[in-house]
Structure formats: structure tokens, C-alpha cells
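1. Here is a sequence with its predicted model. Questions after.
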Amino acid sequence: MRLPIFLLTLAVMATATIYWKHPVKDANQEFEYQLKLIADALYIQDIDLYEKLVDANIIVAQAIIIKYVNSKAEYIHSASKTADGGLIAVAESTTAVDERVKRIYFKWELNAESPSGYKLMVCSFCSLTGC
């Protein structure tokens, strides 16, 4: 009797996992999806959602994401999944006047508390991180 209950419990927990429910598999689409979620949280001024999606230690994240989203000339230079399931991406601006702020580096890590399953941990201009 314990085995069927255990298997049923395991099946329910497995289907409730957010990582299996995520609709996007491609790294470029994942990058755009994650940025859209963060931009939407900023747009509707949902501070709780924003704090679940973005690490509180990133001071410039809000300004960088607003710059990225508002400029329609931005494009993804590279995006890939990491070995531990995270996501890293470099976006490039074709409208940047200053060459130092032309590329933007993003890094997401898996996070169970985040509604999307990812939390933005690094967001900076490449001139600051050396990428």
C-alpha cells in the first residue's frame, strides 16, 4: 500500500516542477522570454515579482534592461545554456554611441523561488566585466 502512495506522490511532485513546464527550450528564445518577464514586472511596477526575477545586489539591472527593451535595434550576440542549467547571454547594441556600452552581459541561474525558474544574477556592460 505504501508503494502506490509513494509513486502517486512522486508523480504529482514531478508534474508540479516549474522546470518541466517551461515552454522555451532554445537559449535565444529563453533569453528574450526572461527579459520580457523582467520588463513586464518593471512596467506594471510589481516589486515583489521583480525581486523574484532579479538579484537584489544588481544595482544597474533596471537601467540596463530598460535600455535594452526600449531600443528596438538591440540583438542577441550570443546565448547559451550552462552545464548547471543556467543561461548566459551577450546582447549587442547597434545604436550605442559609446563603444564601451555596446555589449551587455546577462547571466541567469536556476532558482526555485522564481516564477520562471531563473533568477538574473549578473547584468552589466561588457566594458565593466571584460567580456
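-> Ah, there it is.
2. Let's test this: mean pLDDT of the one helix or strand H77 maps to, rounded?
-> Following DSSP states H and E, one finds H77 within strand 74-81. What strand 74-81 shows for mean pLDDT is 76.
3. for stretch 37-56, same thing?
-> 89.
4. Can I get it as CSV, trimmed to CA atoms?
-> What follows is stretch 37-56, C-alpha atoms only, in CSV (Å, rounded to 0.1, in the frame of the first residue of the first chain):
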residue,chain,number,x,y,z
LEU,A,37,9.2,38.8,-17.8
ILE,A,38,11.5,41.3,-16.1
ALA,A,39,10.4,44.2,-18.3
ASP,A,40,6.8,43.3,-17.7
ALA,A,41,7.4,43.4,-13.9
LEU,A,42,9.1,46.8,-14.3
TYR,A,43,6.3,48.1,-16.5
ILE,A,44,3.5,47.1,-14.1
GLN,A,45,5.7,48.1,-11.1
ASP,A,46,5.4,44.7,-9.4
ILE,A,47,8.3,45.0,-7.0
ASP,A,48,7.8,41.5,-5.5
LEU,A,49,7.9,39.8,-8.9
TYR,A,50,10.9,41.9,-9.9
GLU,A,51,12.8,40.8,-6.8
LYS,A,52,12.0,37.2,-7.5
LEU,A,53,13.3,37.5,-11.1
VAL,A,54,16.4,39.7,-10.4
ASP,A,55,19.1,39.5,-7.7
ALA,A,56,18.9,42.5,-5.3
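5. Could you number the chain from 44 rather than 1 from now on?
-> Sure, I'll start numbering at 44, so the last one becomes stretch 80-99.
6. Buried residues in that stretch, which are they?
-> L80, I81, A82, A84, L85, L92, Y93, K95, L96, V97, D98 (16 or more other C-beta atoms under 10 Å). For every residue, glycine as well, the C-beta is placed using N, CA and C.
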